[in-house]
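A.B. asks: Kindly return the folded structure for what I paste below:
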Amino acid sequence: MDQSVAIQETLEKDDNCAIAVQCDVLFDDVEESRLLGLVESAKEYAIFIYTHRRMAITAEDVSLEDIIPISLDFAVVEVSSPEELVVVGADTRVRISFQDQELELRLPFGSHSRIFLGEVNKAWSDVCRSPTQEPKFEWINKYHKGTTGQGVVKQTIAPLGTTLSKLNQHRKTEKSSDKKGTLEKEKGSNGGTQKSKVYSSPESPNISSREDRDDLVRSSSHTPSNKAQILAMPQFGLRDNLIRCELLKNEDLYTYLEPFSFFLGTYNVNGQTPKESLRPWLSCTPNPPDIYCVGFQELDLSKEAFFFNDTPKEQEWSKAVFEALHPEAKYAFVKLVRLVGIMLIFYVKKEHAEFISDVETETVGTGIMGRMGNKGAVAVRFRFHNSDICVVNSHLAAHTEEYERRNQDYKDICGRLQFRQIDPTQPPLTIMKHNVILWIGDLNYRITDLDVDKVKELISKKDFETLHSYDQLKRQIDEEAVFEGFEEGEIDFQPTYKYDTGSDKWDTSEKCRVPAWCDRILWRGKNIDQQHYQSHMALKTSDHKPVSSLLVVGIKRVNGEAYKKTFEEIVRNIDKMENECIPSVTLSKREFHFQDVKFMHHQAETLSLFNDGQVPCQFEFIQKPNEPTYCKPWLTANPSKGFIAQGGSVDIELEVFVNRSTAPELNSGVQQIEDILVLHLERGKDYFISVTGNYLPSCYGTSLYSLCQLREPIQDMPQETLRELAEMSGTENAANTEKPLDIPKELWMMVDHLFRNAIKQEDIFQQPGLRSEFAEIRNCLDTGMPDSLPGSNHSVAEALLLFLDALPEPVVPYSFYQQCLECCSNASQCEKVISMLPQCHKNVFNYLAAFLRELLKNSASNRLDVSILATIFASLLLRSSKKQDLAEKRKTQEFFQHFLAQGSS
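C.D. replies: Here you go, the predicted model:
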């Protein structure tokens, strides 16, 4: 629940609540709940303090108590003690001071509190940067007693600082009184839509006296004399990173390993509903596991689910899992994440719940165009005690011959699946940046080079070792093509696919699939022992059998005393370093050139930074004046910010990737592959890095108008010609020396290829192609060589969709979009709109519609229908210049369906 909405209702029209957070105000022996709002007006900021009901929804639920202006007299510092930091997932203590008053708060653990503190610190830093232009805060006077304003404020408050004084006085006098009890407070939900609930109630450690705590954090306190230093070293930035890095480096000094059992399960349920108890699968271990991670694939095979709608089967299978957990323990539900039919459920024993923190989920679709979620992965990452763990559940590409496509899916998932960190200043975490990675799912690798009878013979003999040598996944791992560094236990159970539903009989359908170990469980990390790896033949709901693995993982736990000692030593050393030295780095090179950059072709060069200074340093690529980001949109630096220990080094990948948004201006020559990066060191100097390259123009990202004027391949055309055509695009009556083509030759080549070769291709436009084949197709279209298109039918189909997606102006131009929505239910009006399109756009629209109608005539073979084609193509042909809502998407599909009906002209 976003409680800033309630605060906003109490504010005047020109004032804005940027972010709100619920917290506890701390006295010596009493806590009182408050709601804090960071309020902005005319670029001045103040913290508004409210008393509130248990969950503030409207202005009636809050009462304004005090206002703390963020001025030069303001300061905020984190004061969590080493004892509290021992508790992974503990709340954050901060001290806010204004003039001579102090207020100590406890904010709930989580990214939202961190973001709030970051925003407050940013507002305060802005004030410190311009000390001669101190804000006047005249706007807050209207919130105090005696105001004559007619605003929407529901209450007035006492003069500034009253509450701070009252709270400080309370702190002095309340020690002798036990009349006030601790108010009930809500910990927990921060209002997101994700399904998550971990109850955390760590026992409060014995906190040392206030004087002791001040000794530990004195170097972080804000005083007028050190504001310049603080400005160069934000409280929630460099210092935290220094401490974090040193703690990580010395982790062995304060952690020890303790074994915990992880139950991993994977089940492709083939779109079925639960028809039997899952206990034979989920409760097969003698002792209850500490953690459950249960993955499903093909949860729902309906078209509605395929296009990202909700499915009732999520609840049905979730209930079945909960009812089948080991009966000898109580479990807390932590997280559920789903992408279409791929679902992952995470449970933990209740006694361990308080030690689970930093929980984040992500999804990646690897279906057609890398967007559709019928294939892909879902993942959850979390910290358990002091170990970072990532669990991935994936469903990779199907069909025996498509092992390269499965390899590509795996690499896409590893590259694209990234988790945000609780500290918003830190770059996202990839899968591989975790101590332990657990990977489950229907990986779809098959058994090859053996016919079905030979496979069944080896199974009947239980000669799984010989059979496993023909397994595609084993071969790809042996070739180091996928899952490098992962391990899989010995397979001593029969293949889990494919059975007749409701039985243990191998597939008796016409296709008679060769049995295969599609469903797998792998892991990567140290101190992991597998206790079992098995299938569960008792379950007969699906054409797959579920698989389980029990892993005992050595989890790093913290020794509190050792942690405190290490922490204090690190703080002392950092204080000494900060006072003595200025950071510096050596760069491996300062000029980078990228040769022959192409559309959707990734190139990378490595920039190495070596810390040759006397102190650790923090670096960041910063914006140049009057530019919105640190680099051009076709360039990224990974990581763009980071931390380097003294004597250490870091490799930064400078990556160039041209996509549909950056291709048009590069094709026409308006933009070049040229940029200057500014690398900034905290408390140090700036370094300048030159990035250049040459871009090869492509039909991808070039307008239909320009392409219809080109009779030769685009890479044979002078740059000046392409620039002139781009400037004339949309000018229907532009003077032409010769008649333009009716449709772009590149579009014709792809559609003609599909018409001749793929009219009956199963799953055409639903199964992705190979990235390597797309590159060959793009090169052929852009250079005219060879004469015919290379690659599989699926790769050509995806290349066609990418072509339409990359058009700077869609087939139905943006100016006609609203008309299409308005007339979507009237077929004749829809045809009238199309008749008014510019000639080349109208030709392309009618040509594509005619081709798709031919595909539908062969739906018995290619398994297409009007709904699937309308969903895929409407989103490409009728794009909005703004983000579409669901109602608009449905209207565009309804519009396009009129042209897919047989008999349409």
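A.B. asks: The top strand by length along the chain pairs with which strands, and in what direction?
C.D. replies: What stands out as the longest strand in the chain, according to DSSP state E, is strand 255-268. Sheet partners assigned to strand 255-268 using DSSP bridges are listed as strand 291-297 (parallel), strand 547-558 (antiparallel).
A.B. asks: Pick the most deeply packed of those strands.
C.D. replies: Sort the strands paired with strand 255-268 by mean neighbour count, taking mean count of other Cβ atoms under 10 Å, and strand 291-297 sits at the top with a mean of 28. The way it works is simple: take the backbone N, C-alpha and C, and place the C-beta from them, glycine included.
A.B. asks: List of residues touching it?
C.D. replies: 260-269, 282, 317, 321, 325, 331, 341-349, 352, 378, 380, 384, 391, 393, 395, 438, 440-442 (Cβ atoms under 8 Å, 6 or more residues apart in numbering).
A.B. asks: Ok, stretch 463-482 next?
C.D. replies: 403, 406-407, 410-411, 443, 445-450, 455, 458-459, 483-484, 486, 488, 491-495, 516-517, 520.
A.B. asks: what about it, start to end distance?
C.D. replies: For stretch 463-482, the first-to-last residue distance is 25 Å (Cα to Cα, to the nearest Å).
A.B. asks: List the buried residues in it.
C.D. replies: Neighbour-count burial for stretch 463-482, counted by 16 or more other Cβ atoms under 10 Å, picks out Phe464, Leu467, His468, Tyr470, Asp471, Gln472, Leu473, Lys474, Gln476, Ile477, Ala481, Val482.
A.B. asks: For Asp61, state which of those is nearest.
C.D. replies: The nearest member of the buried residues of stretch 463-482 to Asp61, counting by Cβ to Cβ, is Val482 at 53.2 Å.
A.B. asks: Just the closest of the buried residues of stretch 463-482 to Ile7, please.
C.D. replies: Distance to Ile7 across the buried residues of stretch 463-482 (Cβ to Cβ) is lowest for Val482, with 50.2 Å.
A.B. asks: Look up which helix or strand that closest one falls in, please.
C.D. replies: Using DSSP states H and E, Val482 is not contained in any helix or strand.
A.B. asks: what's it sitting at in phi/psi?
C.D. replies: phi -150, psi 160 (degrees, to the nearest 10).
A.B. asks: From Phe27, how far off is it?
C.D. replies: According to Cβ to Cβ, to the nearest Å, Val482 stands 57 Å off from Phe27.
A.B. asks: sorry, back to before: just the buried residues out of the contacts of stretch 463-482, in ChimeraX syntax.
C.D. replies: Applying 16+ other Cβ under 10 Å to the contacts of stretch 463-482 leaves a buried subset, and the ChimeraX line that selects it is:
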select :403,406,407,410,443,445,446,447,450,455,458,483,488,491,493,494,495,516,517,520
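A.B. asks: The nearest residue to Ala18 once chain neighbours are set aside: what secondary structure?
C.D. replies: Closest residue to Ala18 apart from its sequence neighbours, by Cβ to Cβ, 6 or more residues apart in numbering: Leu38 at 4.8 Å. Following DSSP: H, G, I helix; E, B strand; the rest coil, Leu38 is assigned to strand.
A.B. asks: hmm, back to that, what's the next secondary structure element after the longest strand of the chain?
C.D. replies: helix 279-282.
A.B. asks: So which bits of that next one are buried?
C.D. replies: Using 16+ other Cβ under 10 Å as the test for burial, helix 279-282 gives Arg279, Trp281, Leu282.
A.B. asks: Quick check: which helices or strands does it pack against?
C.D. replies: Helix 279-282 sits against strand 255-268, helix 313-324, with contacts defined as 3 or more Cβ pairs under 8 Å, 6 or more residues apart in numbering; DSSP states H and E.
A.B. asks: could you redo these as a markdown table and give each row mean neighbour count and mean pLDDT?
C.D. replies: A markdown table is the format used below for those (neighbours: other Cβ atoms under 10 Å; pLDDT from 0 to 100):
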| stretch | mean neighbour count | mean pLDDT |
| --- | --- | --- |
| strand 255-268 | 21 | 97 |
| helix 313-324 | 18 | 95 |
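A.B. asks: what about these, which gets the closest to Cys823?
C.D. replies: Smallest distance to Cys823 across the helices and strands packed on helix 279-282 (Cβ to Cβ): 36.4 Å, for helix 313-324.
A.B. asks: now that closest one against strand 255-268, angle please.
C.D. replies: 120 degrees (axes from the mean of the first three to the mean of the last three Cα atoms, to 10 degrees).
A.B. asks: Which elements pack onto helix 313-324?
C.D. replies: helix 279-282, strand 291-297, strand 331-339, strand 342-349.
A.B. asks: Can you check which helix is longest in this protein?
C.D. replies: When secondary structure is assigned using DSSP state H, the longest helix within the chain turns out to be helix 560-580.
A.B. asks: immediately after that helix, which helix or strand?
C.D. replies: Heading C-terminal from helix 560-580, the first helix or strand you meet, by DSSP H and E, is strand 585-587.
A.B. asks: Measure how far the helix or strand just after that next one is from the centre of its chain, please.
C.D. replies: Scanning forward in sequence from strand 585-587 by DSSP H and E, the next helix or strand is strand 591-597. Here strand 591-597 is found 29 Å from its chain centre; the criterion is Cα atoms, centre = their mean, to the nearest Å.
A.B. asks: List the pairing partners of strand 591-597 within its sheet, with orientation.
C.D. replies: For strand 591-597, pairing defined by DSSP bridges yields strand 686-695 (parallel).
A.B. asks: Buried residues, the partner strand. List them.
C.D. replies: Tyr687, Ile689, Val691, Gly693, Tyr695.
A.B. asks: out of those, which one sits closest to Glu134?
C.D. replies: Tyr687 (33.6 Å).
A.B. asks: What would the one helix or strand Asn121 maps to look like as CSV? C-alpha coordinates only.
C.D. replies: Take DSSP H and E as the rule and Asn121 turns out to sit in helix 111-129. Presented in CSV, the C-alpha positions along helix 111-129 are these (Å, rounded to 0.1, in the frame of the first residue of the first chain):
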residue,chain,number,x,y,z
SER,A,111,14.5,-1.7,-0.4
HIS,A,112,11.7,0.9,0.2
SER,A,113,13.4,2.2,3.3
ARG,A,114,16.7,2.4,1.5
ILE,A,115,15.2,4.3,-1.4
PHE,A,116,13.5,6.7,1.1
LEU,A,117,16.9,7.4,2.9
GLY,A,118,18.6,7.8,-0.5
GLU,A,119,16.1,10.4,-1.6
VAL,A,120,16.4,12.3,1.7
ASN,A,121,20.2,12.2,1.5
LYS,A,122,20.0,13.4,-2.1
ALA,A,123,17.8,16.3,-1.2
TRP,A,124,20.1,17.2,1.7
SER,A,125,23.2,17.0,-0.6
ASP,A,126,21.6,19.4,-3.1
VAL,A,127,21.3,21.9,-0.2
CYS,A,128,24.9,21.5,0.8
ARG,A,129,26.1,22.0,-2.8
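A.B. asks: I'd like the mean pLDDT over that helix, please.
C.D. replies: In this model, helix 111-129 has a mean pLDDT of 81.
A.B. asks: packing partners for it?
C.D. replies: Packed next to helix 111-129, using 3+ Cβ pairs under 8 Å, 6+ apart, are strand 16-26, strand 31-41, strand 44-52, strand 74-78, strand 92-98, strand 101-107, helix 227-232.
A.B. asks: Strand 101-107 and that one, what's the angle between them?
C.D. replies: Using the same axes, to 10 degrees: helix 111-129 against strand 101-107 is 150 degrees.
A.B. asks: Now do helix 111-129: distance to the chain's middle.
C.D. replies: 23 Å.
A.B. asks: again with stretch 33-52
C.D. replies: Computed by Cα atoms, centre = their mean, the chain-centroid distance of stretch 33-52 equals 30 Å.
A.B. asks: Okay, buried residues for it please.
C.D. replies: 33-41, 44-52.
A.B. asks: Pull up the distance across stretch 664-683, start to finish.
C.D. replies: OK, stretch 664-683 end separation, Cα to Cα: 40 Å.
A.B. asks: Mind checking what secondary structure Asp412 has?
C.D. replies: Looking at Asp412 with three-state DSSP, the answer is helix.
A.B. asks: Is there a neighbour count for it? I'd like the number.
C.D. replies: Neighbour count of Asp412, defined by other Cβ atoms under 10 Å: 20.
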